[in-house]
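Colleague: sharing a sequence plus its predicted fold:
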Amino acid sequence: MARTGLHVKESSLDRLTARQLYDGVHERMALRWISGMRGESRALDPGATQTRRPSLIGYLNVIYPNKVQIIGSEELKYLDALDSRQRWKAMHKIAASEPVALIVTHDQPVPSDLRDIAEETGTPLWNSSKRGHELLTWLQYHLARMLAPRITLHGVFLEVFSIGVLITGEAGSGKSELALELISRGHRLVADDAPEFTLIAPDVIDGTCPELLQDLLEVRGLGVLNVLEMFGHTAVKPSKYLRLIIHLKPWRDGEVEDALTRITGDTGHRDIFEVPVPMITLPVAPGRNLSVLVEAAVRSHMLKSKGIDPAQTFIDRQAHQMRRLPPW
């Protein structure tokens, strides 16, 4: 977990194969791979849905096929109602659209001709004990998260007073030491050094920890610490929505603050996935109690989000006092 200064790495899972999808959800969704194992490399392309009517997943649609086709009891009844020639055409039309997978729901018997066509064309065919609406709802959520844009930011991501706070700063600015003190004060670690953020909604950014760094915190002089083992389960959290960035800035001798900044604080925002995330810059200098300052910054941010702005209140009071002064 080397410190290399501010680092940003943008990424997204631009393809998700049938094998990756199956391995990721088969336990939760009680899936069994029935036929078409040769098609395990078929991939979902999230960009394709931007110019097509179909979605990534949906109930069986022969005219506008989805990439993952759910076959429930109504869809099986529709196929059973067709004569042999129409059924053969419908089956081959389904296979010709090259879906990533077909899922037969609720442990229904898989028709032998569907199984044969899946095997012949290398179309992954799965069966599940879950109902169709359960598969549709959960897989939509799962796919949206897996294929969403991702970014890795250098810093320490914590839950402070129930909101997600990313602490950033130059290498050696004391981010991990500050995180350790905040954890000892009852706050929770999400990720150290390289938290991953995912855009899961137009204005919601979810932060998680890479598996390699789970529960770990590196502090200079102490090395890598296991926060879970040292402080218990209440000291860590698997994920949190990003609501605030606190940037640690070294205080330079002779540096003069703007008069308005002294009143309002050094506030602004940082765009992540084109979402403006509030940012507070805290000067780092010997003798400053940064953990108390971070707690105060978070509390102040929470008040401002409720419409309570102490700086504006002070400015309004001052303007009121000046209006009361007699003219020269």
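Modeller: In hand now; what should we look at? Numbering: from 1, shown residues only.
Colleague: in the stretch 101-250 of the chain, which spans are helices?
Modeller: 112-121, 132-146, 175-184, 227-231 (DSSP state H, counting those that start in this stretch).
Colleague: who does the second one touch, helix- and strand-wise?
Modeller: This points to helix 132-146. Under the contact criterion of 3 or more CB pairs under 8 Å, 6 or more residues apart in numbering; DSSP states H and E, helix 132-146 touches helix 18-25, strand 57-59, strand 68-71, strand 196-201. From N, CA and C alone the C-beta is placed, and that goes for glycine too.
Colleague: mind listing what's buried in it?
Modeller: Gly132, Leu135, Leu136, Leu139, His142, Leu143, Met146 (16 or more other CB atoms under 10 Å).
Colleague: tell me the confidence at Ala48?
Modeller: Here, the pLDDT recorded for Ala48 equals 54.
Colleague: same question for Thr281.
Modeller: Confidence score, pLDDT, at Thr281: 93.
Colleague: confirm it sits in a strand?
Modeller: Yes - secondary structure of Thr281 (DSSP: H, G, I helix; E, B strand; the rest coil): part of a strand.
Colleague: who's the residue lying closest to Ile34 once chain neighbours are set aside bridged to?
Modeller: Here the nearest residue to Ile34 in space, its sequence neighbours aside, is Leu125; by CB to CB, 6 or more residues apart in numbering that works out to 4.7 Å. Note on Leu125: beta-bridge partners Ser35, Leu102, judged by DSSP bridges.
Colleague: ok, Leu125 - how many residues close by?
Modeller: 25 (other CB atoms under 10 Å).
Colleague: just Gly265 next, same as before
Modeller: 17.
Colleague: any regions of the stretch 101-250 of the chain where pLDDT drops low?
Modeller: Scanning the stretch 101-250 of the chain for pLDDT under 70 picks out no residues.
Colleague: rewinding a little: need the helices and strands packed on helix 132-146 in JSON lines with mean neighbour count and distance to Pro238, can you?
Modeller: Shown next, in JSON lines, are the helices and strands packed on helix 132-146 (neighbours: other CB atoms under 10 Å; distance: least, CB to CB, whole Å):
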{"stretch": "helix 18-25", "mean neighbour count": "18", "distance to Pro238": "16"}
{"stretch": "strand 57-59", "mean neighbour count": "19", "distance to Pro238": "25"}
{"stretch": "strand 68-71", "mean neighbour count": "24", "distance to Pro238": "26"}
{"stretch": "strand 196-201", "mean neighbour count": "19", "distance to Pro238": "12"}
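Colleague: export the ones you listed to CSV and tack on distance to Lys237?
Modeller: Listed next are the helices and strands packed on helix 132-146 as CSV, based on distance: least, CB to CB, whole Å:
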stretch, distance to Lys237
helix 18-25, 22
strand 57-59, 29
strand 68-71, 31
strand 196-201, 14
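Colleague: surely the residue nearest to Ile34 and Ala95 touch.
Modeller: No - using CB atoms under 8 Å, Leu125 makes no contact with Ala95, being 10.1 Å away.
Colleague: which residues are in contact with each of those two?
Modeller: Ala118 (CB atoms under 8 Å, 6 or more residues apart in numbering).
Colleague: name the nearest residue to Asp45, sequence neighbours excluded.
Modeller: Going by CB to CB, 6+ apart, Asp45 has Arg15 as its nearest residue, at 6.2 Å.
Colleague: what is the burial count for the one you found?
Modeller: 14.
Colleague: what strands flank the longest strand along the chain, and is each parallel or antiparallel?
Modeller: Ranked by residue count and defined by DSSP state E, the top strand of the chain is strand 239-250. According to DSSP bridges, strand 239-250 forms sheet pairs with strand 163-169 (parallel), strand 204-208 (antiparallel), strand 275-284 (parallel).
Colleague: got the contact list for Phe161?
Modeller: Applying CB under 8 Å, 6+ apart, the residues contacting Phe161 are His187, Glu295, Val298, Arg299, Met302.
Colleague: the inter-axis angle of the helix or strand where the second one lies versus strand 275-284?
Modeller: Which is Glu295. In this assignment (DSSP states H and E), Glu295 forms part of helix 290-305. Angle between the axes of helix 290-305 and strand 275-284 is 140 degrees (criterion: axes from the mean of the first three to the mean of the last three CA atoms, to 10 degrees).
Colleague: any chance of the backbone angles for Met91?
Modeller: phi -60, psi -50 (degrees, to the nearest 10).
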